[in-house]
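Enquirer: 3D, please:
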Amino acid sequence: MSTQEYYKPIGIIHTPIKVPNGAPIQPSAGTKIKGSVEIFPEYIKGLKDLLGFSHIILIYHFHQNKTYSLLVKPFLDNQLRGVFSTRAPSRPNSIGLSIVRLQRIKDNILYIQDLDIIDGTPLLDIKPFIDYFDNRKTNQIGWIKDRISNFSKTKSDKRFC
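Expert: As a prediction, this is how the structure comes out:
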C-alpha cells in the first residue's frame, strides 16, 4: 500500500540519515541532527504563522517499511511485544511522527533540528507542538517501566522503543 492510496504527501523530509540502521531511535536522541522539509508549492500558503512555534509535529510515512509484524522486539527489550505497545516503525499503516525544533523557514523550506527521520521521507502533515496542550504527565508507562532504569538519562541517550 502506498501513501498515494490514502494520503497525498505535502512535502519531502531531507536529512543526513540515509538508512534506518543506526538512526536515532527518537528525536531526543537526534539532538544536533539538522535537516529540512521541502513543502510542495500547492501547500506553501499553509505555512503562514508556523514560524511562531519553536517545535512542530511532523507526521510522515515510513516509506522504507515494506512489511510489518504485530509482534516486535523493541530497542529496550529482548522480549516480543505487541507493536501497538511500542514505537517501532514497522507498523500496519507505517505512519510516524516526530516532534522537531523549527529553526527557520525560507520560502517553501523548513529548517529543522533534533531528528530521527530517514532522508527522502514523505511528509503527510505538520502540526504545531504546543507545550500547554501537549505536555502531559503520565502515571503508567507499561512494560518500559522495568527497562528504563537501565538506560542513561542523558539527552544524547534518551531513546525509546
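Enquirer: measure the residue nearest the centre of the chain to residue 42 for me?
Expert: The centre of the chain sits closest to residue 98, judged by CA atoms, centre = their mean, with a distance of 2.6 Å. With distances taken as CB to CB, to the nearest Å, residue 98 is found 23 Å from residue 42. Any C-beta I mention is one placed from the backbone N, CA and C, and that applies to glycine too.
Enquirer: how near is the residue of the chain most remote from its centre to residue 137?
Expert: No residue in the chain sits farther from the centre than residue 146, which is 24.2 Å out by CA atoms, centre = their mean. When distance is defined by CB to CB, residue 146 is 20 Å away from residue 137.
Enquirer: can you give me the helices in the chain?
Expert: For the chain, the helices defined by DSSP state H occupy 3-6, 131-134.
Enquirer: list the helices and strands the last one packs on?
Expert: Contacts of helix 131-134 with other secondary structure elements, assessed using 3 or more CB pairs under 8 Å, 6 or more residues apart in numbering; DSSP states H and E, are absent: no helix or strand is involved.
Enquirer: and the contacts of it?
Expert: For helix 131-134, there are no external contacting residues (CB atoms under 8 Å, 6 or more residues apart in numbering).
Enquirer: could you give the mean pLDDT of it?
Expert: Summarised as a single mean, pLDDT over helix 131-134 is 78.
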